[in-house]
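Enquirer: need coordinates for the below:
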Amino acid sequence: MEYYRNYCIECGWEATTEEHRSRQEVSELAVEHHYECGHDIESLTIEYPVANA
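Expert: Sure thing, here's the model as predicted:
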């Protein structure tokens, strides 16, 4: 399973697909944060192993 995380390298702001509905929503929030604050945003993919049943 993959989660996407966008985070601000200047102030600690972040948004993830764990908290929001989709990668698109996380990306839109990141663009909004950059537009409002002028801060740089980084992103990464977090892969969690699937538990074996």
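Enquirer: checking the residue lying closest to residue 41 once chain neighbours are set aside next. Helix, strand or coil?
Expert: With Cβ to Cβ, 6 or more residues apart in numbering as the criterion, residue 41 has its nearest non-adjacent residue at 4.6 Å, and that residue is residue 30. C-betas here are computed from N, CA, C, even on glycine. Three-state assignment for residue 30 (DSSP: H, G, I helix; E, B strand; the rest coil): helix.
Enquirer: pretty sure residue 30 is touching residue 40, no?
Expert: No. The criterion here is Cβ atoms under 8 Å, and residue 30 misses it with residue 40 at 10.2 Å.
Enquirer: any chance you could map the helices in this structure?
Expert: For the chain, applying DSSP state H gives helices covering 23-37.
Enquirer: okay, now the unreliable bits of it?
Expert: 50-53 (pLDDT under 70).
Enquirer: at 80 instead, please
Expert: When residues are selected by pLDDT under 80, those of the chain lie in 1, 48-53.
Enquirer: just the strands in it please.
Expert: 2-8, 14-16, 41-47 (DSSP state E).
Enquirer: partners of the first one in the sheet?
Expert: Partner strands for strand 2-8, per DSSP bridges, with pairing direction: strand 14-16 (antiparallel), strand 41-47 (antiparallel).
Enquirer: so which of those strands is the most packed in?
Expert: Across those, averaging neighbours per residue (mean count of other Cβ atoms under 10 Å) puts strand 14-16 on top, at a mean of 18.
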